[in-house]
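# Using only what follows, build the 3D model:
(2 chains)
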Amino acid sequence: MTIAMPVPDADVLAKRERIARALRAIVPGEGVIDAPEALRPWESDGLTAYRQPPLLVVLPETTAQVSAVLAWCHAEGVKVVPRGAGTSLSGGALPLADAVLLGLGKFKRVLEVDYEDRAAVVQPGVTNLAITQAVEARGFYYAPDPSSQIACTIGGNVAENSGGVHCLKYGLTTNNVLGVEIVMMDGEVVRLGGRHLDPGGLDLLGVVVGSEGLLGVVTEVTVRILPKPETARAVLVGFPDAEQAGACVAQVIAEGIIPAGMEMMDRPAIHAAEAFVQVGYPLDVGALLIVEVDGPAAECDFLIGEIARIADANGAVTSRVSENEAERMAFWAGRKAAFPAVGRISPDYLCMDGTIPRRRLPDVLRRMEELSGEYGLRVANVFHAGDGNLHPLILYDANVPGDLDKAEAFGADILRLCVAVGGVLTGEHGVGIEKRDLMPEMFSEVDLKQQQRVKCAFDPELLLNPGKVFPVLHRCAELGRMHVHHGALPHPELPRF
Amino acid sequence: MLEARDAADLAQIVADAAAQGRKLELRGGGTRAEFGAPREAEVVSLAGLTGVVDYDPAELVLTVRAGTPLAEVQALVAAEGQMLAFEPWGDPGATIGGTVAAGVAGSRRVTAGSARDHLLGLTAVSGRGEVFVAGAKVVKNVTGYDLPKLMAGSWGRLGAMTELTLKVLPAPRLTVTLTAEGLAPEAAHALMAAALGSNADVSAAAHLARGITLLRVSGFAPSVEARCAALPKRLAAHGKLSRIDEAEAAPMWHEAMTGRAIKGAYKWRIHLPPRLAPYFIDICGTDDWAMDWGGGRLWLGFDGPLRTPRKLAEADGGEAFLVQAPPEFRAQVPAFQRRSPGVAALEARVRRAFDPRDVFATGRFAEDADADAVSA
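Numbers count the residues shown, from 1 in each chain, chains lettered A, B, ... in the order given. Presented below is the predicted three-dimensional model:
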């Protein structure tokens, strides 16, 4: 395990009982969990290679309680880790030994739906899918659909700026949120955004979304809801190799088509998925594309024809168009089962999440294959092909000494490769702890310090979710200095980068 | 006026101003200089930072220097059958950097998102005189804080963007406008809400004071034709829709999008929950208005120095921007609505995180002056 968390504060550990008493006074009843065996279920999120029982867990039910908990912790210098459903794949909700874990699971109500102006006000513990379920009877849905949508909460989605297979067409969380209520570390409650588009002033909402729980605790979210598309159709296309599949993707977009989803799987992923769910994926192809279009029926029929034509022109060897809803769902069943399917063929796997410019896909896959040979670890690839978001799954066995370290080193090499070809460390899973130490691959010291100054504006004592996102957390006083002496900056002759 | 040659040059200019306690006003084309309070600050022009850095249409990504004229950028992407989907607009001379910094978006914003939603990455010079990058040059990225969101619409209060990476999208092959005539604001809102809430993919909806409602349907021809055939039946209860020529529709969309036809010398732009638009129009008692975004954006004009839009928005929800007025009125009435004390204090701290010496706090925005009260 290569990622080190901050050394726990012995003073805080020593006053654990007093903290529990104080928090019980704020959240009575079952709202505070401190028995060691009861903390066990909370010791990890979706990045299960890392486990740490929290100092204790608090489960408030009202914004006032959240505010009081944070204000008390702020006054006492106690760190807080917010948590939604705990499905983060990057360790964003990993507890700390000396931090209170603040769970928002009891905020489960849909507060208001405005169908006419297409907005829903919900509490942060409402699951992503539950928003859609609350509005679908009237023909609406909430567009971002991370694969964990039956479990993950909208509060967690806001923290992580979650995406999903449909985000090329419909955007990430940030493009679908109108406003939030957040509680800051000192207990102050503020509302950012509202029920209208493009408020004035600085777009603080824009920076809170995707801030990974480091800026504030979300206690209410206003999202946009969209009319459910009339229909959806998908085409399943096999290619001899990923290069041709990539060329097909590029031509679909060049011809002006933005599909609702465009997913690619490589040979190991196809085989693992087909062995698991038997949906009739072709096994003799090097790459498989699922292209889905949604919208008015006339549009879907037209676009499916266009996509099939483009696929043929790019060397497709198999091509099937969904003729009904059951068949469309079958196409997706394999893709959606890809992660557990890989879990069946390997005791453990690490899921990576880089984004690359799509034109570099063949180079990246080739280099990944070389790395796979060098590390002696297999890799299967699923790919949000439309937006270049790559999910290599690195297969390893945690019971083999050194295998996890090897897998992590392999993963880090893949992410460095993504950055080197012009891409990024994470397309949708977040930095968390997982990619924290790789941040300097993408950002200079100056860039990272500028981001941290924003953190300081929200949480100057650095008490909220510390140890995540930033490889080094500088003290805010140090970041604020401009080193101006007698009205002149040092070395005024030097350009400042 | 100072003219920045490149990011390093600009960093030096800003660092000098910070060291000497001077103020700088960042300017692209200067086409929106009358927004905000009158002020006296040294102007730094970014209009010299021009040119395309990288554009690969198949990647849906364009990287361009901030001073590049907006019209040039739009022509460039149009030549590849693409568009800036937030439909930015401006007077001749407007730059891409200035347009994004002003958070400008057109009628398509209601379905496609605003400038903030299409700014993927940037290089900028902070008020500290440091060159930094944020975001990235790919369409999907959550690495680090989303500082591009903060910079879009920040009106040069945090830093100077020198290079912007924008998401581009395919332009629709066919666009058709359907209109209804003679509807009052309330009925027009109901029609637009039904259209935008239908699954016929209406991409924009506007309503002009002379009683014309506009619905935009765009995409591939077979789809557009099918939807245009279906919509009049589906929305029959709300009004009679007919198809008009795009040559006739274009100037009307332009009117709704830019508020250009507002006659009053005191011009307001209000962003609000759409259902409130008819009420605002009624209370304001003017016939000088236009609704865009299905009612979510309302342009209002007055001949005199009324503050009714601001008071209404403060009371009922939404935000009233003072867009245009004689200087003495702009000196008294801030361009942005006042935030709650908590948000104002937070905003001031975030601003100082980029500009600790207030180099860009020229007095154009009242919030800047409040910062001292907040930190004192």
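# and the closest residue to A:Lys435 other than its chain neighbours, how many neighbours does it have?
Setting aside the residues directly before and after it, A:Lys435 is nearest to A:Leu425 in space (CB to CB, 6 or more residues apart in numbering or on different chains), at 4.7 Å. The C-beta positions use only the backbone N, C-alpha and C, and glycine is treated the same way. Neighbours of A:Leu425 under the rule other CB atoms under 10 Å in any protein chain shown: 30.
# cool, and B:Leu178?
For B:Leu178, using other CB under 10 Å, the count is 23.
# and the residue of chain B found nearest chain A, what element?
In chain B, the residue that lies nearest chain A is B:Lys149 (2.5 Å; CB to the nearest CB). Using DSSP states H and E, B:Lys149 falls within helix B:147-151.
# mean confidence for that helix?
If you average the pLDDT over helix B:147-151, you get 98.
# what does that helix rub up against?
A:174, A:202-207, A:209, A:450-451, A:454, B:100-101, B:116, B:119-122, B:124, B:134-135, B:158-159, B:161, B:350 (CB atoms under 8 Å, 6 or more residues apart in numbering or on different chains).
# What's the PyMOL line that selects buried ones from those?
Buried subset of these, written as a PyMOL selection, criterion 16 or more other CB atoms under 10 Å in any protein chain shown:
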select buried, (chain A and resi 174+202+203+204+205+206+207+209+450+451+454) or (chain B and resi 100+101+116+119+120+121+122+124+134+135+158+159+161+350)
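# before we move on, back to that, dump the residue contacts of the closest residue to the residue of chain B closest to chain A other than its chain neighbours.
Using CB to CB, 6+ apart and skipping residues adjacent in sequence, the residue nearest B:Lys149 is A:Gly206, 2.5 Å away. By CB under 8 Å, 6+ apart, the residues touching A:Gly206 are A:Thr174, B:Arg116, B:Asp146, B:Lys149, B:Leu150, B:Ala152.
# B:Leu306 too?
B:Leu306 makes contact with B:Tyr266, B:Cys284, according to CB under 8 Å, 6+ apart.
# Next: A:Arg24.
A:Arg24 is in contact with A:Gly31, A:Val32, counting by CB under 8 Å, 6+ apart.
# In three-state terms, label it for me.
Following DSSP: H, G, I helix; E, B strand; the rest coil, A:Arg24 is assigned to helix.
# cool, A:Leu438 as well?
Secondary structure, three-state DSSP: A:Leu438 is helix.
# Run a quick neighbour tally on it.
Using other CB under 10 Å, A:Leu438 has 20 neighbouring residues.
# Quickly note the distance from it to A:Leu361.
21 Å (CB to CB, to the nearest Å).
# wait, A:Leu350 sits on A:Ile414?
No. Assessed by CB atoms under 8 Å, A:Leu350 is found out of contact with A:Ile414, at 9.7 Å.
# Next one: B:His238 relative to A:Gly163, how far apart?
Counting by CB to CB, the separation of B:His238 from A:Gly163 is 35 Å.
# again with B:Ala261
Note on B:Ala261: its distance to A:Gly163, by CB to CB, is 40 Å.
# for A:Ala35, same thing?
Counting by CB to CB, the separation of A:Ala35 from A:Gly163 is 37 Å.
# In terms of neighbours, single out the busier of the two.
A:Gly163 (28 against 9).
# Quick check: which element contains the more buried one?
Under DSSP H and E, no helix or strand contains A:Gly163.
# check contacts around it.
Contacts of A:Gly163 by CB under 8 Å, 6+ apart are A:Pro144, A:Pro146, A:Leu172, A:Thr173, A:His384, A:Asn389, A:Gly427, A:Glu428, B:Lys140, B:Val142.
# ok, now A:Leu377?
A:Leu377 makes contact with A:Ile394, A:Leu395, A:Tyr396, A:Asp403, A:Lys406, A:Ala407, A:Phe410, according to CB under 8 Å, 6+ apart.
# Recalculate using a threshold of 6 Å.
A:Ile394, A:Tyr396, A:Ala407, A:Phe410 (CB atoms under 6 Å, 6 or more residues apart in numbering or on different chains).
# likewise A:Gly295?
By CB under 6 Å, 6+ apart, the contact list for A:Gly295 reads A:Pro229, B:Asp201.
# Please report how far the closest residue to chain B within the stretch 51-200 of chain A lies from B:Arg32.
At 3.9 Å from chain B, A:Gly200 is the closest residue in the stretch 51-200 of chain A, using CB to the nearest CB. Taking CB to CB as the measure, A:Gly200 falls 14 Å from B:Arg32.
# Quick check on the residue nearest to B:Lys149: phi, psi?
phi -60, psi -30 (degrees, to the nearest 10).
# I'd like to know which helix or strand in chain B has the lowest mean pLDDT.
Counting by mean pLDDT, DSSP states H and E, chain B has its least confident helix or strand at helix B:366-375, which shows a mean of 55.
# And the strands in the stretch 151-300 of chain A?
For the stretch 151-300 of chain A, the strands defined by DSSP state E, counting those that start in this stretch cover A:177-183, A:189-193, A:217-224, A:226-227, A:231-239, A:261-266, A:287-295.
# Need the mean per-residue confidence for the shortest one.
Average pLDDT, strand A:226-227: 97.
# Can you list the low-confidence ranges for the chain?
In the absence of a named chain, this looks at chain A. A:1, A:483-497 (pLDDT under 70).
# Not quite, go with chain B.
B:367-376.
# what's the residue closest to the geometric middle of chain A?
A:His429 (2.8 Å; CA atoms, centre = their mean).
# how about that residue, what does it touch?
Counting by CB under 6 Å, 6+ apart, A:His429 makes contact with A:Leu89, A:Ser90, A:Asp353.
# So what does A:Ile307 have for phi and psi?
According to degrees, to the nearest 10, A:Ile307 has phi -70, psi -40.
# list the contacts for it?
For A:Ile307, the contact set (CB under 6 Å, 6+ apart) comprises A:Val235, A:Val252, A:Val291.
# 7 Å instead?
Contact analysis of A:Ile307 by CB atoms under 7 Å, 6 or more residues apart in numbering or on different chains lists A:Val235, A:Val252, A:Ile257, A:Val291.
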